[in-house]
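> only geometry, no sequence info:
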């Protein structure tokens, strides 16, 4: 993320009381609430507003219940599932899940690299 854009995002989050800034040597930005109390939706709502999923998935202007596109009803269901996931989980939960998935990927990469090294040694 470009620094100037990140600065604007942090300003928005600060104005919305999701983060607070601290000046000084050990300064930076801190969450106002604990990660367990912040849902991804809280952050997205500040940055993109509440209508970020309202547009037609196919891009048709005027798409809606009265003038639906071919996938309107499925998109409405998908939006509900997405919104529930973003509201019902905390950033702490997502962070833990990402950490365990990253650990797994790193272990697989390490094993793959070891296998490649052994294969290279065998060909000598």
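Good, I have the coordinates. Remember, predicted model here, so these are calculated numbers, not experimental data. Numbering: from 1, shown residues only.
> going forward, measure contacts and count neighbours with C-alpha atoms only.
Fine.
> Helices along this structure, start to end?
3-15, 40-48, 72-88, 91-122 (DSSP state H).
> buried set for the second one?
Applying a neighbour-count criterion of 16 or more other CA atoms under 10 Å, the buried positions in helix 40-48 are 40, 41, 42, 43, 46, 47.
> can you give me the end-to-end distance of stretch 40-58?
Separation of the first and last residues of stretch 40-58 by CA to CA, to the nearest Å is 25 Å.
> roughly how far apart are the residue most central in space within the chain and residue 91?
By CA atoms, centre = their mean, the chain has its centre lying nearest to residue 40, at 6.7 Å. Using CA to CA, residue 40 is found at 6 Å from residue 91.
> just to revisit the earlier point, adding mean pLDDT, write the helices of the chain out as TSV.
TSV is the format used below for the helices of the chain (pLDDT from 0 to 100):
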stretch	mean pLDDT
helix 3-15	94
helix 40-48	96
helix 72-88	95
helix 91-122	79
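> okay, the ones you listed in a markdown table with distance to residue 34 next?
Listed next are the helices of the chain as a markdown table, based on distance: least, CA to CA, whole Å:
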| stretch | distance to residue 34 |
| --- | --- |
| helix 3-15 | 15 |
| helix 40-48 | 13 |
| helix 72-88 | 15 |
| helix 91-122 | 8 |
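> Can you say which of those helices is packed in most?
helix 40-48 (a mean of 16; mean count of other CA atoms under 10 Å).
> could you give the angle of that one to helix 3-15?
120 degrees (axes from the mean of the first three to the mean of the last three CA atoms, to 10 degrees).
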